[in-house]
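> Model the following, please.
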Amino acid sequence: MNASNNSPKRFSLDGHVALVTGATTGLGKSIAMTLGKAGAKVAINYFNNQERAEAVFAEFKAAGCDGCLVKANVIEQSDVKQLVQTVKEELGPIDILVPNATCDQPMKPIEEYDWETYQAMLDFFIKSPFLLTQAVVADMKAQKWGRIINLGSEVYQRSLGNFSAYIAAKGGQMGWTRSMATELAPHGITVNIVTPGWIPGVRHVNDPQEMKDEYRSLIPAGRWGMPQDVAEAVLFFASKEAEFTNGQTLCVNGGMTPW
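Here you go, the predicted model:
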C-alpha cells in the first residue's frame, strides 16, 4: 500500500493569503500565478496600466486561481493601509507578503545621478517593504505564521559599476531582511530574499543587444533565467517546508554568484 497517497501535498499554500505587489508583469506576474496555482488566495497589486492589470487578472482566474485585483501606490502609507485592509476584507488576513513593485533602474556614472533617482530606489526597495510589513505583521503575529519574501538582485553581490543608486538600495534591503528575520522569528514569521540575475523582460526591450549577449555568455548554466525560475524560489520560501529557513539569500542566476 502506498501511504504517500494520503500525505499532504508538498509546497501547498492552501489556506493562505498572499499579496504580491507589482504583479501584472514580469517576475511579479509569474510569482502571483505560481502562488495561486499552489493554492494561495492571491492579491494582485498594480498602480499603472489598468487595462493590462485586468487582462492579467483574467488570465489568473482562467488558470483556476483565486484572488483579487487591487490598485495601490505601495510607496504611499495611506495607499498601503487601504490595500491591506481591502485584501483582508476580500480574502482574509495576509500571511505571505512579496514586495516586488519597482521603478526605472538607470545605469549612470555617479556624476550623472541626482538624489531623486536615489530616493526612488530607497522608496521602492526599503520604504515599501517597511510600510507593507508594518501593515501586515500584526495579523501574522496573531496567527504565529507568516512569510515575507523580498526580491533583491545579484548586482549587490557582483558590485557592478555605474549602478550605485540601485545597488545601494538593494544592499539596504538585504540588511533590512536579515534584521527582520531575527526580530520576527520568535513569532513564527520568516523573512528571506530571492536575488535574481538579469532576466530580460519588458523593461529591457531597448537595452543594447551587445550588453545582453555579453551577460548571456557569462551564465554558467548556459541559458537565460526565466521568471518561473524566480517564482519557484519564492514558492519554496513561502511554503511550510521552509519554516526553518530564515534570513537567507537565494541567488537565482544560473551560477553567476556561486558564493
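> tell me what the helix or strand that contains Ala32 is packed against?
If you go by DSSP states H and E, Ala32 is part of helix 26-37. Helix 26-37 is packed against strand 17-20, strand 41-46, helix 50-62, strand 66-71, strand 96-98, helix 227-238, with contacts defined by 3 or more Cβ pairs under 8 Å, 6 or more residues apart in numbering; DSSP states H and E. Placement of C-beta: from N, CA and C, glycine included.
> Now tabulate those in JSON lines and tack on mean neighbour count, mean pLDDT and distance to Leu151.
Listed next are the helices and strands packed on helix 26-37 as JSON lines, based on neighbours: other Cβ atoms under 10 Å; pLDDT from 0 to 100; distance: least, Cβ to Cβ, whole Å:
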{"stretch": "strand 17-20", "mean neighbour count": "30", "mean pLDDT": "98", "distance to Leu151": "10"}
{"stretch": "strand 41-46", "mean neighbour count": "27", "mean pLDDT": "98", "distance to Leu151": "13"}
{"stretch": "helix 50-62", "mean neighbour count": "14", "mean pLDDT": "98", "distance to Leu151": "18"}
{"stretch": "strand 66-71", "mean neighbour count": "19", "mean pLDDT": "98", "distance to Leu151": "19"}
{"stretch": "strand 96-98", "mean neighbour count": "28", "mean pLDDT": "99", "distance to Leu151": "7"}
{"stretch": "helix 227-238", "mean neighbour count": "21", "mean pLDDT": "98", "distance to Leu151": "8"}
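> got TSV for the ones you listed, with distance to Val80 too?
What follows is these, written out as TSV (distance: least, Cβ to Cβ, whole Å):
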stretch	distance to Val80
strand 17-20	10
strand 41-46	10
helix 50-62	18
strand 66-71	11
strand 96-98	11
helix 227-238	20
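> closest to Leu184 out of the ones you listed?
Distance to Leu184, taken as Cβ to Cβ, is lowest for strand 96-98 among the helices and strands packed on helix 26-37, at 11.3 Å.
> just to revisit the earlier point, closest one to Pro220 among the helices and strands packed on helix 26-37?
For Pro220, the closest of the helices and strands packed on helix 26-37 is helix 227-238, at 14.1 Å, according to Cβ to Cβ.
> any idea which helix or strand comes after the closest one?
Per DSSP H and E, the first helix or strand lying C-terminal to helix 227-238 is strand 249-252.
> neighbouring contacts of that next one?
Here strand 249-252 makes contact (Cβ atoms under 8 Å, 6 or more residues apart in numbering) with 152, 154, 157, 174, 177, 192-197, 225, 229-230, 233, 236-237, 257.
> 6 Å instead, please
Defining contact as Cβ atoms under 6 Å, 6 or more residues apart in numbering, one finds that strand 249-252 is touched by Glu154, Ile193, Val194, Thr195, Pro196, Asp229, Val230, Ala233, Thr257.
> Over to stretch 148-164?
Contacts of stretch 148-164 with the rest of the structure, by Cβ under 6 Å, 6+ apart, involve 97-100, 107, 109-110, 129, 167, 170-171, 173-174, 177, 191-195, 197, 234, 237, 251, 253, 256-257.
> Pull out the buried members of the residues you listed.
Restricting the contacts of stretch 148-164 to buried positions leaves 97-100, 129, 167, 170-171, 173-174, 177, 191-195, 197, 234, 237, 251, 253, 256, with burial counted as 16 or more other Cβ atoms under 10 Å.
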